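**Q** Below: sequence and its predicted model.
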Amino acid sequence: MAKGYLGLGSNMGDKKEYLDQAIEQINQHPSITVKKVSSYYETDPIGYTEQDVFLNVVVEIDTSLSPYELLAYCNEIEELLKRKRIIRWGPRTIDVDVLLYENYTSDDEKLTVPHPRMWKRAFVMIPLYEIAKDITNNGEHIGEIIKNLCKEGIRKVD
Ligand SMILES: Nc1nc2nc(S)n(CCO)c2c(=O)[nH]1
């Protein structure tokens, strides 16, 4: 079994419902077990800012799927939950990103792991740190990485 981390986000419709349904779909796969779920965070949009706030969460899984099989299933969940790519960086019902998969690395444009933008995204790093305090990137501990990130616009949802 491999340990992986998935980053989920939604900023359309019933955001928490979309996230809950996505996590349920992840856990229902016979080759995936959800091991940890971070708190939910309401986060101001990064990149394309003319859109609604997001609700973000990070999930730790154990899986016997390959990285590409995991990616394919994440895309299936996005389809199932009616993700529409109206504007590339714009609003979406659900996003399920593969963040990390063991120590696997890939620069393939179809599957880039670790996710190329995750280390600079507080809306990923703060929930990830909540459930995985021993993560490092190129020898830098996640706690140190977070210290250098702007932590404004992120609110834990109780
Ligand atoms: N706060 C926040 N901003 C974002 N911008 C994009 S694109 N996304 C989608 C990430 O794949 C997000 C997001 O999930 N949260």
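**A** Nice, thanks for sending it over. Residues are numbered from 1 along each chain as shown.
**Q** Which of the three states applies to whichever residue of the chain sits closest to the ligand?
**A** For the chain, the nearest residue to the ligand under the criterion C-beta to the nearest ligand atom is Gly9, separated by 2.8 Å. Heads up, the C-betas are built off the backbone N, CA and C, glycines and all. Secondary structure, DSSP: H, G, I helix; E, B strand; the rest coil: Gly9 is strand.
**Q** Can you name the residues of this protein sitting close to the ligand?
**A** Gly9, Thr43, Asp44, Pro45, Ile46, Gly47, Phe54, Asn56, Trp89, Asp95, Asp97, Phe123 (C-beta under 6 Å from any ligand atom).
**Q** Farthest pair within those residues?
**A** Set against one another by C-beta to C-beta, the residues of the chain next to the ligand have their most distant pair in Asp44 and Asp97, with a gap of 18.2 Å.
**Q** what about the two, which has more around it?
**A** Of the pair Asp44 and Asp97, Asp97 is the one with more neighbours under other C-beta atoms under 10 Å, namely 19 against 15.
**Q** returning to that earlier point: could you dump the residues of the chain next to the ligand into TSV with pLDDT and secondary structure added?
**A** Formatted as TSV, those follow (pLDDT from 0 to 100; DSSP: H, G, I helix; E, B strand; the rest coil):
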residue	pLDDT	secondary structure
Gly9	97	strand
Thr43	98	strand
Asp44	97	coil
Pro45	95	coil
Ile46	93	coil
Gly47	90	coil
Phe54	97	strand
Asn56	98	strand
Trp89	74	coil
Asp95	96	strand
Asp97	98	strand
Phe123	98	helix
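**Q** By neighbours, which of the residues you listed wins?
**A** Most surrounded of these: other C-beta under 10 Å gives Asn56, at 27 neighbours.
**Q** just the helices in this protein please.
**A** Counting by DSSP state H, the segments of the chain that form helices are 15-28, 67-80, 122-131, 142-147.
**Q** Give me the contacts around the second one.
**A** So that's helix 67-80. 4, 6, 22, 25-26, 29, 31-32, 63, 65, 94-98, 101, 104, 106, 110-111, 113 (C-beta atoms under 8 Å, 6 or more residues apart in numbering).
**Q** Having no further points to raise, I will conclude here.
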